[in-house]
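**Student:** coordinates for the following, if possible.
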Amino acid sequence: MNSRTLTIDRITVSVLQHRFVAIVAEMGEAMLRTAYSQILNSSRDFSTALCDGQGRLVAQAEHVPIHVGNLPWAVRSVAQAFEGRIVPGDLYLLNDPYHGGNHLPDLTVLLPVFAAGRLV
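**Tutor:** Numbers count the residues shown, from 1 in each chain. Model (predicted):
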């Protein structure tokens, strides 16, 4: 196994942290602007977050944090179920409580992110 050590200064870490939080906040604003459901518009009963390829939480927006608690399991479940077959343009919809969903009425939408053709 090849292990690399990456050193990042505190300023870069802070800039990246704030950028990731801004991304998930913008995702939430897009949900509000495009949602037809009054549940989303009025009660803001949704969450947005970024995870890495292993399902580790990178950033979450300030919506309903309980949704984000199961997100790592949802990411891992999809990664295992579709291992080697995840490609750019894929979108996964999940509501199975045994694989990272909260309960049946809650839907989890997972969009894999690729950089230079590699899943990140």
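
**Student:** what about residue 27, neighbour count?
**Tutor:** 18 (other C-beta atoms under 10 Å). From N, CA and C alone the C-beta is placed, and that goes for glycine too.

**Student:** and it, which helix or strand is it part of?
**Tutor:** helix 10-34 (DSSP states H and E).

**Student:** same for the helix or strand just after that helix, what does it pack against?
**Tutor:** For helix 10-34, the following helix or strand on the C-terminal side (DSSP H and E) is helix 38-43. Under the contact definition 3 or more C-beta pairs under 8 Å, 6 or more residues apart in numbering; DSSP states H and E, helix 38-43 sits against helix 10-34.

**Student:** what about the helix it packs on, average pLDDT?
**Tutor:** Mean pLDDT, helix 10-34: 94.

**Student:** so what touches it?
**Tutor:** 8, 40-41, 44, 46-50, 58-63 (C-beta atoms under 8 Å, 6 or more residues apart in numbering).

**Student:** repeat for stretch 95-103
**Tutor:** With C-beta under 8 Å, 6+ apart, stretch 95-103 has contacts from 66-67, 69-78, 81, 94, 104-108.

**Student:** just the buried residues of those residues.
**Tutor:** Those of the contacts of stretch 95-103 that meet the buried threshold are 67, 70-78, 94, 106, 108, by 16 or more other C-beta atoms under 10 Å.

**Student:** sitting in helices, which of these do you find?
**Tutor:** In helices, defined here by DSSP state H, the members of the buried ones among the contacts of stretch 95-103 are 71-78.

**Student:** looking at the contacts of helix 10-34, which are in helices?
**Tutor:** Using DSSP H, the contacts of helix 10-34 in helices are 40-41.

**Student:** what about burial for the contacts of helix 10-34, which qualify?
**Tutor:** 40, 46-50, 59-61, 63.

**Student:** which ones among the residues you listed lie within strands?
**Tutor:** 49-50, 59-60 (DSSP state E).
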